[in-house]
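1. structure for this input, please:
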Amino acid sequence: MNDVDNALNMFNEIAEELKFEKICKFSQEEENEYNLLLKELIKTNSSSCTTKEKGEALEKIAAFVLKTGNIFDIYNNIRTTTNELDQLVRTNVKGKLLCANGLIDKRLTDFIGECKNYNSTVSVTYVGKVCSLLATTQNKICILFSYYGVSGKGWQNAKGLIKKFYLSKENKKERFCIIDFNINDFIAIKEGNNILQIIHDKIMSLQNDTDYSKFMKHHDKENTIIQMQKYS
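-> This is a model prediction of the structure:
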């Protein structure tokens, strides 16, 4: 029985280390840096900063969360025959191992990151361009980083197009997922969520046509989605 107990304890320890929360857990230094990047992102979007400054703040924090856990390599401004990708993201050796063992979605082996820091929500026109980008590059996932998110609600405008594009393939494994990643998600990371969990939950939200907020982890002492002014 001791051998069995030891084996079970070892298995539980390994399983615990491979949870999303553990894979992407911030060190204290990373948490401090992330908080500064978040403050800068909010600051640039609540004052008369230039479009360039807003874009750079978004790109910096997007790259930071993608590098969390050291499972992705990021290649910036990649030119294809027809388009330019803001970020081409690929799993490194550690990430490939996690994908191969089903610990993270295999579609994350290669995916696209796009950063659009507009003064308003991202339009259906731009989301249409992202759909075309995915279709022509054969990537299955694009994380669309923005401040205000995409336009519309339910099946209307950009949010509706994301849902329709997802359903355009019958096989779930072949479906294209556009992940709307906005200021609420950046704040949620500060509050204890992480990018892998958010991606997973948003894919589940697309799959089940449900409100993403139902999947989010909430903390006892405070809500996950907070007023932006708290961090400005």
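
2. quick one: the strands in this protein?
-> For the chain, the strands defined by DSSP state E cover 72-79, 84-91, 110-115, 141-145, 177-181.

3. just the C-alpha atoms of the first one, please, in CSV.
-> What that stands for is strand 72-79. What follows is strand 72-79, C-alpha atoms only, in CSV (Å, rounded to 0.1, in the frame of the first residue of the first chain):
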residue,chain,number,x,y,z
PHE,A,72,5.5,30.1,-26.6
ASP,A,73,8.0,31.8,-29.0
ILE,A,74,6.8,35.0,-30.6
TYR,A,75,7.7,36.3,-34.0
ASN,A,76,6.7,39.9,-34.7
ASN,A,77,5.6,41.5,-38.0
ILE,A,78,5.8,38.4,-40.1
ARG,A,79,5.1,39.1,-43.8
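
4. and that strand, average pLDDT?
-> Taken as a whole, strand 72-79 has a mean pLDDT of 90.

5. picking that back up, with mean neighbour count as added columns, please give the strands of the chain in TSV.
-> From N, CA and C alone the C-beta is placed, and that goes for glycine too. What follows is the strands of the chain, written out as TSV (neighbours: other Cβ atoms under 10 Å):
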stretch	mean neighbour count
strand 72-79	13
strand 84-91	18
strand 110-115	22
strand 141-145	25
strand 177-181	24
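
6. which residues are in contact with the closest residue to residue 71 other than its chain neighbours?
-> Distances taken as Cβ to Cβ, 6 or more residues apart in numbering put residue 95 closest to residue 71, at 3.6 Å, once the chain neighbours are dropped. Neighbour list for residue 95: 71, 72, 104, 108, 109 [criterion: Cβ atoms under 8 Å, 6 or more residues apart in numbering].

7. would you mind writing the PyMOL command to select the buried ones in those?
-> The PyMOL selection below is limited to those of the contacts of residue 95 classed as buried (16 or more other Cβ atoms under 10 Å):
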select buried, resi 71+72+104+108+109
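
8. nearest to residue 128, of the contacts of residue 95?
-> residue 108 (23.4 Å; Cβ to Cβ).

9. you'd agree the closest one is up against residue 90?
-> No. Judged on Cβ atoms under 8 Å, residue 108 makes no contact with residue 90 at a distance of 9.2 Å.
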